[in-house]
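Student: Below: sequence and its predicted model.
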There are 2 protein chains.
Amino acid sequence: MSEFTATVTVRLKQGVLDPEAETTQRALERLGFELGDLRSADQFEIDLDAADEDSATERVTEMTERLLANPTLHDYDITVEEQ
Amino acid sequence: MSEFTATVTVRLKQGVLDPEAETTQRALERLGFELGDLRSADQFEIDLDAADEDSATERVTEMTERLLANPTLHDYDITVEEQ
């Protein structure tokens, strides 16, 4: 078994409203910053033991689909690094 | 002027309690997953026009320090890519 750290990034699908990001963008604009667009995402870093990188990725994908992301609203990507 | 996309990742500093991450970790464990640790972070993707990468990075650093991160609680990192 080796130690891996997986990084899961969960984003709203395109077209899904994101009031938090809109509020943040407007607050930055009120401070005088010019920006084209702002999107927000949640990131989870998960440490886990696994036999190899494939099995770590498989388990983290299952965690993401069961709990971390809602497939109706979210897209996600997962990267796994051995520690 | 060129278009850049900056990715800002805002994490709690080590030692700062993160009840949301603890709750997520416990929920995954209740579903039968074994994991060593789970940390959460906020990610912002910001599109902006700038003369060059350095000036884009400088402006996004200022946005982060003024609004997106609280220096008492958070560490952050910023990556900038030309579109």
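Tutor: In hand now; what should we look at? Numbers count the residues shown, from 1 in each chain, chains lettered A, B, ... in the order given.

Student: how about chain A, which residue sits the furthest from its center?
Tutor: What lies farthest from the middle of chain A is A:Gly32; by Cα atoms, centre = their mean that is 28.5 Å.

Student: If we ignore the residues flanking it in sequence, what's nearest A:Ser40?
Tutor: Sequence neighbours aside, A:Ala21 is the residue nearest to A:Ser40 in space, at 4.3 Å (criterion: Cβ to Cβ, 6 or more residues apart in numbering or on different chains). C-beta coordinates here come from the backbone N, C-alpha and C atoms, glycine included.

Student: Contact partners for that neighbour?
Tutor: A:Ala21 makes contacts with A:Leu38, A:Arg39, A:Ser40, B:Phe44, as judged by Cβ atoms under 8 Å, 6 or more residues apart in numbering or on different chains.

Student: One more pass at 10 Å, please.
Tutor: The neighbourhood of A:Ala21, defined by Cβ atoms under 10 Å, 6 or more residues apart in numbering or on different chains, consists of A:Leu12, A:Asp37, A:Leu38, A:Arg39, A:Ser40, A:Ala41, B:Phe44, B:Glu45, B:Ile46.

Student: secondary structure class for it?
Tutor: Of the three states, A:Ala21 takes helix under DSSP: H, G, I helix; E, B strand; the rest coil.

Student: Can you name the next helix or strand after whichever strand or helix holds A:Ala56?
Tutor: Taking DSSP states H and E as the definition, A:Ala56 sits inside helix A:53-63. Per DSSP H and E, the first helix or strand lying C-terminal to helix A:53-63 is strand A:74-82.
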